[in-house]
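Quick one, fold the following:
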Amino acid sequence: MGIFSRTRDIIAANMTDLLDKAEDPAKMIRMIIMEMEETLVEVRASAARTIADQKEMRRQISKLEKIQEGWTEKAELALSKGREDLAKAALVEKRKAGDMAEQLGVEIQVLDDALRASEADIAKLQGRLREARTRQNAIAARMESAHNRTRLREMYAGPKVSEAFSRFDILERRADYAEGEADALSLGAPPKSLEEEIAELRNEEAVDAELQALKARLGPGLEG
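As a prediction, the model looks like this:
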């Protein structure tokens, strides 16, 4: 496939259809961008060769024009010497050089048309390349968003979370057991005797009295 044919195929391609048919849109659009970039390089290289060819042809035309001028001078000299046959032969050679220059001019015009078409194709291809890169960025953002959503789902609904909460249940069960052991130690303890309860009251009364005496010593403002 020629460069320009491939360029026009890419320009005419419907990217949405291509992406809809692709199993991996991100991979597909990377391939499209690579193809476009490679085609742009090739088209520009081809255009550069065409421009170089045109310059060479214009140089040839300039040389042919000088050759025609030379044959004209020779024809004039031959006529001035009465050699019409030589003058006619010189004019024939001049005509040959003129025909060659004219043909080169036609070829330059053909190349000009091709360059204009190439320039239009490059502009369109660059537009499609910008579109493809925009699509690539959008797809990358969507893929990242989907990946993040998947990670979030795994965080609150995945097996690791369930396993962690199972461990919480085990720890809570262990805490319940430890509290049960502590409560069990007080089970069956003998009730306090009357003497023990009265002794506790006396201790409380002594502490209260000492507190009041301390307040009185420190200042009236502390009495309550």
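
Can you name the helix or strand that the spatially most central residue of the chain falls in?
Nearest to the geometric centre of the chain sits Asn137, at 4.5 Å (C-alpha atoms, centre = their mean). Following DSSP states H and E, one finds Asn137 within helix 84-157.

per-residue confidence for the residue in the chain sticking out farthest from the centre?
The centre of the chain is farthest from one residue, Glu195, which by C-alpha atoms, centre = their mean lies 88.0 Å away. If you check Glu195, the pLDDT there is 82.

Show me which positions of the helix or strand containing it end up buried.
In this structure, Glu195 is located in helix 194-218 according to DSSP H and E. Judged by neighbour count using 16 or more other C-beta atoms under 10 Å, helix 194-218 contains no buried positions. For every residue, glycine as well, the C-beta is placed using N, CA and C.

For that helix, which helices and strands make contact with it?
The contact analysis (3 or more C-beta pairs under 8 Å, 6 or more residues apart in numbering; DSSP states H and E) places helix 194-218 against no helix or strand.

Could you list the alpha-carbon positions for stretch 194-203 in CSV?
Below are the C-alpha coordinates for stretch 194-203, written out as CSV (Å, rounded to 0.1, in the frame of the first residue of the first chain):
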residue,chain,number,x,y,z
LEU,A,194,-21.3,-7.0,110.9
GLU,A,195,-18.0,-6.1,112.4
GLU,A,196,-16.4,-5.5,109.0
GLU,A,197,-19.2,-3.2,107.9
ILE,A,198,-19.0,-1.2,111.1
ALA,A,199,-15.2,-0.9,110.8
GLU,A,200,-15.7,0.4,107.3
LEU,A,201,-18.1,3.0,108.6
ARG,A,202,-15.6,4.1,111.3
ASN,A,203,-12.9,4.4,108.7
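
That stretch: how far from the chain's middle?
How far stretch 194-203 lies from its chain's middle: 85 Å, per C-alpha atoms, centre = their mean, to the nearest Å.

Pull the residues that contact it.
Lys192 (C-beta atoms under 8 Å, 6 or more residues apart in numbering).

ok, Arg59 to Asp53 distance?
11 Å (C-beta to C-beta, to the nearest Å).

So, low pLDDT: which residues of the protein?
1-25, 154-165, 168, 185-191, 219-224 (pLDDT under 70).

redo that, cut-off 90
Within the chain, the segments meeting pLDDT under 90 span 1-47, 114, 117-224.

how's it carved up into domains?
As assigned by automatic domain parsing, the chain contains the domains 3-156, 158-189, 194-224.

Of the ones you listed, flag the one that's most buried.
Scoring these by mean neighbour count under mean count of other C-beta atoms under 10 Å gives domain 3-156 as the most buried, with a mean of 14.

how far does that domain sit from the chain's center?
Using C-alpha atoms, centre = their mean, the offset of domain 3-156 from its chain centre is 28 Å.
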